[in-house]
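Asks: Sharing a sequence plus its predicted fold:
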Amino acid sequence: MGIENMKMPQLGESVTEGTISKWLVSPGDAVNKYDPIAEVQTDKVNAEVPSSFSGTIKELIADEGDTLEVGEIICSIEIEGGGAAPAEETPKEEPKEEAKGSAPAKPKAPSRDSGNKARYSPAVLKLSQEHDIDLNQVEGTGNGGRITRKDLKKIIESGSIPKAGDAPALKNEAQAPQQAPVKESAPEQPAKQQASAATVPVVPGDIEIPVSGIRKAIASNMVRSKHEAPHAWTMMEVDVTNLVDYRNSLKTEFKQREGFNLTFFAFFVKAVAQALKEYPQINSMWAGDKIVQKKDVNLSIAVATDDALYVPVIKNADEKTIKGIAREITELAGKVRSGKLTSQDMQGGTFTVNNTGSFGSVQSMGIINYPQAAILQVESIVKRPVVMNNGMIAVRDMVNLCMSLDHRVLDGLVCGRFLQRVKEILENTSKENTSVY
């Protein structure tokens with residue numbers, strides 16, 4: 001028999017943490033390898049986490065609602081035929097080596113404690129700081145003496161909270177060398193943010209909404225993008241009258257034949273993919289001391305739900321027809337809204353196209369989807385009077401394309417030429433020039 005630990009997996013590029021939204025197992029349950037054991041939510045995806053082992057669930061380290069960093073232990077599984085003891089149990093063996101000494105009790109405390117400190121979860125650290133709990137004086141009930149969130153909840157409910165300085169002299173002496181590495185500086189920033197948030201006045205009738213793990217992750221990524229990438233912005237208007245006429249002439253027959261909608265957005269995504277092949281500089285990312293120009297054209301498309309925004313990816317969009325792109329848009333949007341989007345659906349994006357026009361927007365400034373170099377907002381198609389080349393005024397279908405760019409990677413010249421090419425493709429889309437198949 002042996003114990004194996006399941007850790008928070010990385011469920012997408014740039015994902016650093018996940019929230020346990022629901023446990024699908026309980027202690028004592030038998031599981032097979034690849035059986036789903038938990039539902040995890042990140043800023044990019046809701047996903048089921050499969051077991052990496054076959055065995056029996058020994059302990060759920062994290063509670064539902066806990067947010068843990070990638071690599072943090074979420075549960076332990078007892079497996080049959082485990083040859084070597086898991087790394088987490090190593091501290092238990094150390095006292096045997098020290099037993100030859102004159103004071104076997106003294107090395108026990110720092111041995112267990114040093115292991116615990118290395119395994120404090122963010123949830124445990126946060127709870128201990130909020131209630132001023134000295135973790136050096138807490139006996140953990142988790143695997144290998146690990147301190148869990150449940151241990152701290154019991155202490156808080158009992159009302160007997162151990163404070164720093166309350167421990168016996170021997171314990172303090174033994175643990176003093178370990179005091180310095182405690183992550184006291186790491187939580188400073190969240191503590192300041194909490195203090196700042198606490199200053200917001202709340203009066204009767206106000207509604208306080210807890211910030212979910214996914215909302216925190218979205219906020220963190222947006223702040224990172226806005227602070228690290230110097231955003232510049234440009235806009236171009238496009239006459240899509242011929243495109244609108246062409247699509248409207250096809251949409252009914254297309255829906256009957258294919259079973260999904262032929263949207264305007266599919267035409268825009270195809271035009272962007274084609275232009276990116278011609279201007280590959282736009283399909284790049286900042287990497288510190290170098291710029292990485294991506295070979296594949298993988299277009300992230302923004303899909304919103306009531307409380308979050310997801311960016312699934314259309315892989316190799318430049319190789320797909322308008323029909324193929326329309327199909328993927330329908331399938332990916334369906335996955336988002338049904339909660340079936342996978343981490344694979346979210347990975348590899350090189351440029352983002354956002355259909356802000358679906359909300360009626362006519363002009364917007366998007367925040368770049370880090371670490372990409374640009375994002376294009378496709379606004380509403382509106383009818384406007386336009387002065388034509390012959391001097392006559394005509395009612396035309398017009399749309400604004402708004403592009404935010406990372407000025408470390410891109411300059412206005414290449415972005416202007418890129419948008420001009422997208423404009424040219426769209427304005428020449430018609431029954432005579434374009435096939436959706």
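Replies: Thanks, I have it.
Asks: Can you show me the strands along the stretch 251-400 of the chain?
Replies: Counting by DSSP state E, counting those that start in this stretch, the segments of the stretch 251-400 of the chain that form strands are 284-286, 291-293, 299-301, 303-304, 309-310, 313-314, 351-354, 374-378, 382-387, 393-406.
Asks: Can you lay out the ones you listed as a markdown table showing distance to Leu332 and mean neighbour count?
Replies: C-beta coordinates here come from the backbone N, C-alpha and C atoms, glycine included. As requested, those are exported to a markdown table (distance: least, CB to CB, whole Å; neighbours: other CB atoms under 10 Å):
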| stretch | distance to Leu332 | mean neighbour count |
| --- | --- | --- |
| strand 284-286 | 22 | 19 |
| strand 291-293 | 25 | 14 |
| strand 299-301 | 7 | 25 |
| strand 303-304 | 7 | 18 |
| strand 309-310 | 9 | 20 |
| strand 313-314 | 7 | 24 |
| strand 351-354 | 12 | 24 |
| strand 374-378 | 16 | 25 |
| strand 382-387 | 27 | 12 |
| strand 393-406 | 22 | 19 |
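Asks: would you list these in CSV and tack on mean pLDDT and distance to Arg146?
Replies: CSV is the format used below for the strands of the stretch 251-400 of the chain (pLDDT from 0 to 100; distance: least, CB to CB, whole Å):
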stretch, mean pLDDT, distance to Arg146
strand 284-286, 95, 38
strand 291-293, 97, 40
strand 299-301, 97, 38
strand 303-304, 86, 39
strand 309-310, 84, 34
strand 313-314, 97, 37
strand 351-354, 97, 41
strand 374-378, 97, 42
strand 382-387, 96, 60
strand 393-406, 98, 42
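Asks: of all the ones you listed, which lies closest to Ala38?
Replies: Closest of the strands of the stretch 251-400 of the chain to Ala38 is strand 309-310, at 19.7 Å (criterion: CB to CB).
Asks: now for the closest one, which elements pack on it?
Replies: When contacts are defined as 3 or more CB pairs under 8 Å, 6 or more residues apart in numbering; DSSP states H and E, strand 309-310 packs onto strand 303-304.
Asks: What strands line up against the strand it packs on, and which way round?
Replies: Note on strand 303-304: by DSSP bridges, its sheet partners are strand 309-310 (antiparallel).
Asks: all helices of this structure, in order?
Replies: 90-98, 105-118, 122-130, 149-158, 169-179, 188-198, 213-228, 241-258, 264-278, 322-338, 343-346, 412-427 (DSSP state H).
Asks: Pull out the buried positions in the fourth one.
Replies: It refers to helix 149-158. 149-152, 155 (16 or more other CB atoms under 10 Å).
Asks: Please work out which residues outside that helix touch it.
Replies: With CB atoms under 8 Å, 6 or more residues apart in numbering as the test, helix 149-158 has contacts from 62-63, 66, 121, 123-124, 127-128, 131, 133, 138-142, 161-162.
Asks: Please repeat the previous calculation with a cut-off of 7 Å.
Replies: Applying CB atoms under 7 Å, 6 or more residues apart in numbering, the external contacts of helix 149-158 come out as 63, 66, 123-124, 127-128, 131, 133, 138, 140-141, 161.
Asks: same thing with the shortest one?
Replies: Residues lying outside helix 343-346 but in contact with it, judged by CB under 7 Å, 6+ apart, are 11-12, 44-45, 47, 311-313, 332, 335.
Asks: least confident pick among those residues?
Replies: Among the contacts of helix 343-346, Lys44 carries the weakest pLDDT, at 64.
Asks: neighbours of Ala362, just the number please.
Replies: Not quite, residue 362 is Val, not Ala. For Val362, the tally of surrounding residues (other CB atoms under 10 Å) stands at 15.
Asks: again with the one 3 residues further on
Replies: Neighbour count for Met365, taken as other CB under 10 Å: 12.
Asks: That one contacts Ser404, correct?
Replies: Yes - assessed by CB atoms under 7 Å, Met365 is found in contact with Ser404 at 5.9 Å.
Asks: which residues are common contacts for these two?
Replies: Trp233.
Asks: so who does the spatially closest residue to Asp296 that is not a sequence neighbour touch?
Replies: The shortest distance from Asp296 to any non-neighbouring residue, by CB to CB, 6 or more residues apart in numbering, is to Asn316 (5.9 Å). Neighbouring residues of Asn316 by CB under 7 Å, 6+ apart: 296-298.
Asks: For Ala273, see how far away Asn316 is.
Replies: 9 Å (CB to CB, to the nearest Å).
Asks: can you list residues touching both of these two?
Replies: Counting by CB under 7 Å, 6+ apart, the residues touching both Asn316 and Ala273 are Val297.
Asks: any low-confidence regions in the chain?
Replies: Where the chain drops to pLDDT under 70, the residues are 13-14, 43-44, 81-123, 142-144, 164-198, 213-214.
Asks: can you rerun that using 50?
Replies: 83-106, 108-118, 168-197 (pLDDT under 50).
Asks: one step back: out of the contacts of helix 149-158, which is most surrounded?
Replies: Val124 (26 neighbours).
Asks: Go ahead and confirm that one touches Ile147.
Replies: Yes - if you go by CB under 7 Å, Val124 and Ile147 touch, sitting 5.7 Å apart.
Asks: Would you convert the contacts of helix 149-158 into JSON lines that also reports distance to Leu413?
Replies: As requested, the contacts of helix 149-158 are exported to JSON lines (distance: CB to CB, whole Å):
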{"residue": "Asp63", "distance to Leu413": "53"}
{"residue": "Asp66", "distance to Leu413": "49"}
{"residue": "Ala123", "distance to Leu413": "49"}
{"residue": "Val124", "distance to Leu413": "52"}
{"residue": "Leu127", "distance to Leu413": "53"}
{"residue": "Ser128", "distance to Leu413": "54"}
{"residue": "His131", "distance to Leu413": "57"}
{"residue": "Ile133", "distance to Leu413": "58"}
{"residue": "Val138", "distance to Leu413": "61"}
{"residue": "Gly140", "distance to Leu413": "60"}
{"residue": "Thr141", "distance to Leu413": "63"}
{"residue": "Ile161", "distance to Leu413": "62"}
